[in-house]
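*Asks:* Predicted structure and sequence below. I'll ask about it afterward.
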Number of protein chains: 2
Amino acid sequence: MRAALMYQAGDVRIENVPDSRIKHPTDALVRITASCICGSDLHPYHRMTTDDGPARMGHELIGIVEETGAAVTTLKKGDLVVSPFAISDNVCEFCRENLQTSCTHAHAAFWDGIEDEGGQAEAVRVPLADGTLVKLPVAPDSELIPSLLTLADVFGTGYHAAKTAGIIPGQKVTVIGDGAVGLMAVLSAKRLGAEQIVLMGRHKARTDLGREFGATDVVAERGEEGIARVRELTGGHGTHAVLEAVGHMPAYEQAVGVVRPGGVISRVGVPQFEEAPVGFASLFGRNIRLAGGPAPVRAYIEELMPDILEGTINPGKVFDATTDLDGVPAGYQDMDERPSLKVLVRP
Amino acid sequence: MRAALMYQAGDVRIENVPDSRIKHPTDALVRITASCICGSDLHPYHRMTTDDGPARMGHELIGIVEETGAAVTTLKKGDLVVSPFAISDNVCEFCRENLQTSCTHAHAAFWDGIEDEGGQAEAVRVPLADGTLVKLPVAPDSELIPSLLTLADVFGTGYHAAKTAGIIPGQKVTVIGDGAVGLMAVLSAKRLGAEQIVLMGRHKARTDLGREFGATDVVAERGEEGIARVRELTGGHGTHAVLEAVGHMPAYEQAVGVVRPGGVISRVGVPQFEEAPVGFASLFGRNIRLAGGPAPVRAYIEELMPDILEGTINPGKVFDATTDLDGVPAGYQDMDERPSLKVLVRP
């Protein structure tokens, strides 16, 4: 079968790989009908060395169940399913608390951590299929597919930022980053009742979509200038919540600058650093809280899907380009150089 | 009048200073009847240079109102009052949200930030007296004074740790540090219904008091050994909440080691560092939250006082030594060298 492989920074290729197949009784084999490229895929695209490649890529997927292992009970051949970016049994201590990204099962993993599988491919072996996959009540060619595909990662991730920030109706919120996750964080903050949503981003097509999703203000400036602008827009003290959807240090520093005393910085951009300011001058002195992490998107699928099925929200608008597998290398380049916000892949 | 002055690390003296007196209409002049030395006073005691001294010391006090400024309306001469370590108007935007440590009034400050006043003295000018001071319904020589004095800082600070950790009944909690604040954090976790409270500390007299306050387990080991022991005691995954009452990096690292995925590290030990690990390997990957900061103890006084007045709790047990002003320099030394847990000062 064919799949995307990243050899090193900037070098993605489509090649023949061994066919995915059932290995464990809890596995399912899924023929992928829709997949995509994630903003977080750009991190290795910027810095992967040949030591870490070639690596299978892609952690967001919708597909048709082709075969199930003997222990799989909730799925059957022909089911259309969506897979979160994290594999989980959905029954362990942490899954029951809706923290599926900390599932304790031996087969639990993030797709990016599974060596010989990935979503940017024709098919995939899904471990812990009963726990991981969620059935979709639509046809594989439904026009809702792009929106449903956001449940695999970016919508659930933006929603996680808003949830772990504990947004309540009437609050002021800053969203840092106008990538797909940032825009989904805007949609999520709106969904939870935020009154003012300031989106920090510089790409007009994206921030325009952000306004459509609920942003009340857009701040294109960065650094100290951006911080001053957000404070000016929000009454001088910043916002109750900051949803940080980038992961680089300047975004963290902006978050510290625009968060209100007693407020919370909720991070869903994968931090590209380990150490950061948290002491008296940054977080402690003003009782700023830090929250977030890899989103247990499995926990949010049932909650978010009805609004998509009813058409009251359309998160799939973050996809502004569609390609087949052959177009994946160009898709990475387009997302990196910014002409594309997020690329849908139909293998 | 006489007051404690710190000249540099290890050098505290009792000297004559200008009498405190009313400067603003919102001030009150308070004759101090009970004060104390704080664990946080030991930070400058370890590292203050002569450039920063001599500095007035002490931020926890009970006293009798001797005079009030023209604008003070809720207090009168003769009232016995307790002062939180932070001065606040108690009416601004943040005070109304119970974040008095972020009061926006021009006179708002921490006692430690007011150059010519301090609690380790015979008298003190209290700015924003109406907002800051709380009347005590007991006599100045009541045997409840030590417990009521803990409302000025350590009890409210320990309680803040437990509150910002969001402890709910049945949870497992680790408290790091067996100083007065750590012990108050134990008492507070117990008050909020924690089922298992692991106290990490090495001083038997203190951890014994911790057990009396509600600790179910004591771990004397530190570092990796201490982390392994806490995990062993708590079912392998650590505790939902970690209350960090020290402020040094090894305590932070222990907190990261013993916190459960999805859990929270709530810090009330003033961080003696600015940068700390918060990335994928420490906090982000496991969705660990960080909370805490300087405690708005003013917010908790009315809530905590009834239990003290009724005698159901006795937080004043953290005072294991009493002295007059002349004994303050020796009190610092005793707290630093550990024979004393916390020294009560009766000027």
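*Replies:* It's in. All values reported here derive from a predicted model rather than from experimental measurement.
*Asks:* Distance of residue A:281 relative to residue A:253?
*Replies:* Counting by CB to CB, to the nearest Å, the gap from residue A:281 to residue A:253 is 12 Å. C-beta coordinates here come from the backbone N, C-alpha and C atoms, glycine included.
*Asks:* Those two: which is more packed in?
*Replies:* More crowded of residue A:281 and residue A:253, by other CB atoms under 10 Å in any protein chain shown: residue A:253, with 17 against 12.
*Asks:* Which residues of the stretch 201-347 of chain A lie near chain B?
*Replies:* Residues of the stretch 201-347 of chain A lying close to chain B (CB under 8 Å from any CB of the partner chain) are A:237, A:261-262, A:267, A:270-271, A:273-294, A:296.
*Asks:* again, 6 Å this time
*Replies:* A:261-262, A:271, A:273-279, A:284, A:287, A:289-291, A:293 (CB under 6 Å from any CB of the partner chain).
*Asks:* Okay, strands next: where are they in the stretch 201-347 of chain A?
*Replies:* A:217-219, A:239-244, A:259-267, A:275-277, A:289-292, A:321-323, A:343-345 (DSSP state E, counting those that start in this stretch).
*Asks:* List phi and psi for residue A:296.
*Replies:* Backbone geometry at residue A:296, expressed as degrees, to the nearest 10, gives phi -80, psi 70.
*Asks:* For the closest residue to it other than its chain neighbours, give me its contacts.
*Replies:* Nearest non-adjacent residue to residue A:296, counting by CB to CB, 6 or more residues apart in numbering or on different chains: residue A:100, 4.2 Å away. Going by CB atoms under 6 Å, 6 or more residues apart in numbering or on different chains, residue A:100 touches A:86, A:88, A:296, A:298, A:299.
*Asks:* can I get these in CSV with pLDDT?
*Replies:* Supplementary listing: the contacts of residue A:100 in CSV, determined by pLDDT from 0 to 100:
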residue, pLDDT
A:86, 97
A:88, 98
A:296, 98
A:298, 98
A:299, 97
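*Asks:* just those now: which is nearest chain B?
*Replies:* Of all the contacts of residue A:100, chain B sits closest to residue A:296, with 7.8 Å by CB to the nearest CB.
*Asks:* how about the strands of the stretch 1-150 of chain A, start to end?
*Replies:* Under DSSP E, counting those that start in this stretch, the stretch 1-150 of chain A gives strands at A:2-8, A:11-16, A:28-36, A:55-56, A:61-68, A:80-83, A:86-87, A:109-110, A:123-126, A:134-135.
*Asks:* Quick one: closest of those strands to residue B:167.
*Replies:* strand A:86-87 (27.7 Å; CB to CB).
*Asks:* Mind checking if that closest one is in reach of chain B?
*Replies:* No: no part of strand A:86-87 sits near chain B under the criterion CB under 6 Å from any CB; the closest distance found is 11.4 Å.
*Asks:* which residues sit against that strand?
*Replies:* For strand A:86-87, contacts defined as CB under 6 Å, 6+ apart pick out A:100, A:101, A:108, A:109, A:110, A:127, A:128, A:132.
*Asks:* Now pLDDT too, for these, in JSON lines please.
*Replies:* Putting the contacts of strand A:86-87 into JSON lines (pLDDT from 0 to 100) gives the following:
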{"residue": "A:100", "pLDDT": "98"}
{"residue": "A:101", "pLDDT": "97"}
{"residue": "A:108", "pLDDT": "97"}
{"residue": "A:109", "pLDDT": "96"}
{"residue": "A:110", "pLDDT": "96"}
{"residue": "A:127", "pLDDT": "98"}
{"residue": "A:128", "pLDDT": "98"}
{"residue": "A:132", "pLDDT": "98"}
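*Asks:* what's the closest of the residues you listed to chain B?
*Replies:* For the contacts of strand A:86-87, the nearest to chain B is residue A:101 (6.8 Å; CB to the nearest CB).
*Asks:* Find the closest residue to chain B in the stretch 1-150 of chain A.
*Replies:* Using CB to the nearest CB, the closest approach of the stretch 1-150 of chain A to chain B is made by residue A:102 at 3.8 Å.
*Asks:* what comes up buried for stretch A:87-107?
*Replies:* A:87-90, A:92, A:94-95, A:99-103, A:105, A:107 (16 or more other CB atoms under 10 Å in any protein chain shown).
*Asks:* Let's see which of those residues end up in helices.
*Replies:* Among the buried residues of stretch A:87-107, the members found in helices (DSSP state H) are A:94, A:95.
*Asks:* Out of the buried residues of stretch A:87-107, which comes closest to residue A:204?
*Replies:* residue A:101 (33.6 Å).
*Asks:* Contacts for the lowest-mean-pLDDT helix or strand in chain A next, please.
*Replies:* Within chain A, no helix or strand scores below helix A:42-47, which has a mean of 94 by mean pLDDT, DSSP states H and E. The contact list for helix A:42-47, computed with CB under 6 Å, 6+ apart, reads A:9, A:332, A:336.
*Asks:* Now that helix: buried residues?
*Replies:* Neighbour-count burial for helix A:42-47, with 16+ other CB under 10 Å as criterion, is recorded at A:43, A:44, A:45.
*Asks:* next one: stretch A:235-242
*Replies:* A:237, A:238, A:239, A:240, A:241, A:242.
*Asks:* Which one of the residues you listed is nearest to residue A:81?
*Replies:* Among the buried residues of stretch A:235-242, residue A:241 lies closest to residue A:81 (CB to CB), at 32.7 Å.
*Asks:* Now do the same contact list for the residue nearest to that closest one when sequence neighbours are not counted.
*Replies:* Counting by CB to CB, 6+ apart, residue A:241 lies nearest to residue A:165, which is 3.9 Å off, once chain neighbours are set aside. If a contact means CB under 6 Å, 6+ apart, then residue A:165 has A:241, A:264, A:266 as its contacts.
*Asks:* let's go with 7 Å and repeat that
*Replies:* By CB atoms under 7 Å, 6 or more residues apart in numbering or on different chains, residue A:165 lies in contact with A:241, A:243, A:264, A:266, A:291.
*Asks:* now, which of those sits nearest chain B?
*Replies:* residue A:291 (4.6 Å).
*Asks:* Test for you: state the pLDDT assigned to the closest one.
*Replies:* Per-residue pLDDT puts residue A:291 at 98.
*Asks:* ditto for residue A:162
*Replies:* At residue A:162, pLDDT is 98.
*Asks:* Contacts for the helix or strand encompassing it next, please.
*Replies:* Following DSSP states H and E, one finds residue A:162 within helix A:154-164. The contact list for helix A:154-164, computed with CB under 7 Å, 6+ apart, reads A:84, A:180-181, A:184-185, A:187-189, A:192, A:243, A:245, A:266, A:268, A:291-292, A:295-297, A:300-301, A:304, A:315, A:318.
*Asks:* What's the first helix or strand after it?
*Replies:* For helix A:154-164, the following helix or strand on the C-terminal side (DSSP H and E) is strand A:172-176.
*Asks:* how about the CA coordinates for that following strand, as CSV?
*Replies:* What follows is strand A:172-176, C-alpha atoms only, in CSV (Å, rounded to 0.1, in the frame of the first residue of the first chain):
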residue,chain,number,x,y,z
LYS,A,172,-13.0,37.5,28.0
VAL,A,173,-10.7,35.2,26.1
THR,A,174,-7.6,35.6,24.1
VAL,A,175,-6.7,32.9,21.5
ILE,A,176,-3.0,32.9,20.4
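*Asks:* Now do the same for stretch A:309-325: mean pLDDT, whole number.
*Replies:* 97.
*Asks:* now residue A:241, which residues is it bridged with?
*Replies:* Beta-bridge partners for residue A:241, by DSSP bridges, are residue A:173, residue A:264.
*Asks:* wait, it sits on residue A:267?
*Replies:* No: Residue A:241 is beyond contact range of residue A:267, at 11.5 Å (criterion: CB atoms under 7 Å).
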